[in-house]
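In: sequence? don't have it. structure:
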């Protein structure tokens, strides 16, 4: 009896019977489970006059189940001496109740260390007792007088467990037949002298044939596959907000030369180099730099000015987001921040919790050193947490701190970051609450992450390090473009099967097969058209309606525009974000989505592809699907005129083309001089 008491702790997870007016334990109606689903399905397929008769006293098998049934008692002699209570208890807990989303994290259920055959034997004994009608009786009837009531907590818990387990009688047989284990189950049942009673009861009383049971088993399998495997809880993007810097932070391109010349730290050649980068990279005159950098004094830089920049850019964005969403700070369950180069102690996520006085149970995560792709990584982390914890909110705050990342040395490979990166901040509110299903803007459909850190070239192409004078900065080397192209191909290869239509997948598969066959046969390669032997790039425009490409620079956007054959309208969000705000690192994809919502609008069901890449080297994709019609003017894009931007960029493109032509002409003249001198 002590063993029984120690092994019945799993019964706490069951539907606990309540005490009725007559003092007996009663079982309240529970949510539909596998058994009730099968019985509901069977009721539609079996004539009403062939349903269970009252003589069997199994009123729970009717649909809907009765509001209350009484659990009768049983003599101790009805159970064998080696009956494994723990195995039956755990078996009922696992099969009767739906597996929670947090199964892996909570470890709420423990599988008993019981041999499978012994467990089947225990279940067979219970099914035999069920078939003889020894457990359940209608609520209006009293237990038989010749049955003694067990005493103690263990007996009460075992009653609850067995009361739940008896509902599994049809489901166990259906599962056995569906899995092809009917003969083995029959052999186990035949070990008892009265084991065939259950089979006779199913066939004679209910007139259920093996074929119908098999049909029910298939239906149950499909139902479970859809419920447990294919129906993950949706994670919604309720809303988001991006930071618009104060006008006093504005840093036009002409101000860069003044800043570089102040203090005499840079040579004239270095000043000219930085100015060329600023003008040729696609930035406009409305980008923002924090006051500490604009002052030009090195003693104005440090950890406290960096904290100030974080607070000035991110705190107002969070306030705006929570106000739009109508969510209180105490309702936030998870706070996730990402900042590649600024990771103080206490962390940025702790600073947010402290400022908004969130709850003591709010969990926080701070991602550091993950580059410009960290925004999608933080989104993926929030998605995974919400899949584990139902009815929760997650706040994702992305930021790159340029005060802490400013480089004051003379290495040109490190000076590039000073010319591109600008102040930024974004906040995204995610939810898995059913109440947010209709008001949320998007839901997260796919996130695909590509990590090339195992490749030495990819790992070293973006590196925070020291220059020859021991000044810390971020070095960008010449391999960055090639590494980015490889990462893009790998990411698109993994993402394609998840989002591309079948027509594009078929063309891609045919192209791959033809090129593989051509490599094995030279005559075949010579006979095929050359176009057939070229790698086929799937048309991702057939899978997505909008593109948010990380604003790494004008050259990167040009390359992706050409590679994916995007139109000017499709690439406009990325151009506009770079032009007005500069390289905003991990927040850039949200600035671009804000532009799409403000200028174009997103229709219900339309898909957005966010492409982010950065140090490591990592290339990450997030696919968002509009949950409703979205047309929202963001403060960050108020007063922006895309026509002015395109006029400026067209002039820049024309000047760049003239420069290339002049360079080619000079190189040609130099080559002619060399040829003449040689002759």
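Out: Looks like it came in fine. Fair warning: this is a prediction, and the values are worked out from it, not measured in the lab.

In: and stretch 563-580, what's buried?
Out: Judged by neighbour count using 16 or more other CB atoms under 10 Å, the buried positions of stretch 563-580 are 564, 566, 570-580. C-beta here means a position set from N, CA and C on the backbone, and glycine is covered the same way.

In: I'd say residue 564 and residue 538 touch.
Out: No: using CB atoms under 8 Å as the test, residue 564 is too far from residue 538 to be in contact (9.6 Å).

In: follow-up on the earlier one: got the buried residues of stretch 563-580 as CSV, with secondary structure and distance to residue 365 columns?
Out: Formatted as CSV, these follow (DSSP: H, G, I helix; E, B strand; the rest coil; distance: CB to CB, whole Å):
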residue, secondary structure, distance to residue 365
564, helix, 33
566, coil, 34
570, helix, 34
571, helix, 33
572, helix, 34
573, helix, 28
574, helix, 28
575, helix, 33
576, helix, 31
577, helix, 26
578, helix, 29
579, helix, 33
580, helix, 30
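
In: what's the weakest-modelled helix or strand in the chain?
Out: strand 68-71 (a mean of 31; mean pLDDT, DSSP states H and E).

In: residues of stretch 647-664 that come out buried?
Out: For stretch 647-664, the neighbour count (16+ other CB under 10 Å) marks residue 649 as buried.

In: need the residues that contact it.
Out: Residues outside stretch 647-664 that contact it (CB atoms under 8 Å, 6 or more residues apart in numbering): 279, 280, 282, 284, 554, 575, 579.

In: show me the shaky parts of the stretch 151-300 of the chain.
Out: Within the stretch 151-300 of the chain, the segments meeting pLDDT under 70 span 151-232.

In: scratch that, the chain
Out: Using pLDDT under 70, the chain drops low at 1-232, 666-679.

In: thought residue 544 was touching residue 499?
Out: Yes: assessed by CB under 8 Å, residue 544 is found in contact with residue 499 at 7.3 Å.

In: which neighbours do the two have in common?
Out: 607, 623.

In: any idea how far the nearest residue to residue 402 once chain neighbours are set aside lies from residue 258?
Out: In space, and not counting its chain neighbours, residue 402 is closest to residue 421: 5.1 Å by CB to CB, 6 or more residues apart in numbering. Distance, residue 421 to residue 258, by CB to CB, to the nearest Å: 18 Å.

In: those two: which is more packed in?
Out: Of the pair residue 421 and residue 258, residue 421 is the one with more neighbours under other CB atoms under 10 Å, namely 22 against 12.

In: ok, the more buried one - contacts?
Out: With CB under 8 Å, 6+ apart, residue 421 has these contacts: 400, 402, 405, 582, 583, 584, 585.

In: once you drop chain neighbours, what's closest to the third one?
Out: The shortest distance from residue 405 to any non-neighbouring residue, by CB to CB, 6+ apart, is to residue 341 (4.4 Å).

In: am I right that the one you found is in a strand?
Out: No: assignment of residue 341 by DSSP: H, G, I helix; E, B strand; the rest coil gives coil, placing it outside any strand.

In: surely it meets residue 400?
Out: Yes: assessed by CB under 8 Å, residue 341 is found in contact with residue 400 at 6.9 Å.

In: these two: who's more crowded?
Out: Between residue 341 and residue 400, residue 400 has the larger neighbour count (other CB under 10 Å), namely 30 against 21.

In: Three-state assignment for that one, please.
Out: coil.

In: next one: it from residue 425, what distance?
Out: 9 Å.

In: residue 656 too?
Out: 31 Å.

In: ditto for residue 537
Out: 35 Å.

In: these two: which is more packed in?
Out: A side-by-side neighbour count of residue 537 and residue 425, using other CB under 10 Å, places residue 425 first with 29 against 15.

In: contacts only, for that one.
Out: Residue 425 neighbours (CB under 8 Å, 6+ apart): 242, 243, 310, 313, 314, 317, 397, 398, 399, 587.

In: one more: residue 242?
Out: With CB under 8 Å, 6+ apart, residue 242 has these contacts: 317, 424, 425, 426, 587, 590, 591, 594, 634, 636.

In: before we move on, what about residue 329?
Out: 322, 356, 357, 358.

In: so what's the first one closest to, chain neighbours aside?
Out: Translated: residue 322. residue 329 (6.5 Å).

In: list residues touching both of residue 400 and residue 425?
Out: What both residue 400 and residue 425 touch, as defined by CB under 8 Å, 6+ apart, is the set residue 587.

In: strands along the stretch 301-450 of the chain, start to end?
Out: Using DSSP state E, counting those that start in this stretch, the strands of the stretch 301-450 of the chain run over 334-339, 363-368, 393-398, 426-431, 442-451.

In: redo those as JSON lines? Include distance to residue 467 and mean neighbour count.
Out: Shown next, in JSON lines, are the strands of the stretch 301-450 of the chain (distance: least, CB to CB, whole Å; neighbours: other CB atoms under 10 Å):
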{"stretch": "strand 334-339", "distance to residue 467": "23", "mean neighbour count": "26"}
{"stretch": "strand 363-368", "distance to residue 467": "22", "mean neighbour count": "18"}
{"stretch": "strand 393-398", "distance to residue 467": "28", "mean neighbour count": "28"}
{"stretch": "strand 426-431", "distance to residue 467": "31", "mean neighbour count": "27"}
{"stretch": "strand 442-451", "distance to residue 467": "28", "mean neighbour count": "19"}
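
In: for these, which one sits closest to residue 412?
Out: Smallest distance to residue 412 across the strands of the stretch 301-450 of the chain (CB to CB): 25.4 Å, for strand 334-339.

In: what does that closest one contact?
Out: By CB under 8 Å, 6+ apart, strand 334-339 touches 310, 347-349, 352-353, 358, 362-368, 370, 374-375, 377-378, 381-382, 385-386, 389, 392-401, 586.

In: what's the answer for stretch 404-419, then?
Out: By CB under 8 Å, 6+ apart, the list of residues contacting stretch 404-419 reads 256, 265-267, 270, 273-274, 277-278, 281, 283, 293, 298, 301, 303, 306, 341-342, 421, 467-469, 471-477.

In: which of those fall within helices?
Out: 256, 270, 273, 274, 277, 278, 293, 303, 306 (DSSP state H).

In: of those, keep whichever come out buried.
Out: By 16+ other CB under 10 Å, the ones in helices among the contacts of stretch 404-419 give 256, 270, 273, 274, 277, 278, 293, 306 as buried.

In: how about the fifth one, what does it touch?
Out: When you say that, I think you mean residue 277. 415, 416, 419, 420.

In: my read is residue 562 is in a helix, agree?
Out: Yes: counting by three-state DSSP, residue 562 is located in a helix.

In: what's the local residue count around the residue nearest to residue 606 when sequence neighbours are not counted?
Out: Once flanking residues are discounted, residue 606 sits nearest to residue 545: 4.1 Å by CB to CB, 6+ apart. For residue 545, the tally of surrounding residues (other CB under 10 Å) stands at 17.

In: hmm, residue 601 and residue 545 touching each other?
Out: No: the criterion here is CB under 8 Å, and residue 545 misses it with residue 601 at 10.9 Å.

In: list residues touching both of these two?
Out: Between them, residue 545 and residue 601 share no contacting residue, judged by CB under 8 Å, 6+ apart.

In: wait, what's in contact with residue 258?
Out: Neighbours of residue 258 in contact, by CB under 8 Å, 6+ apart: none.
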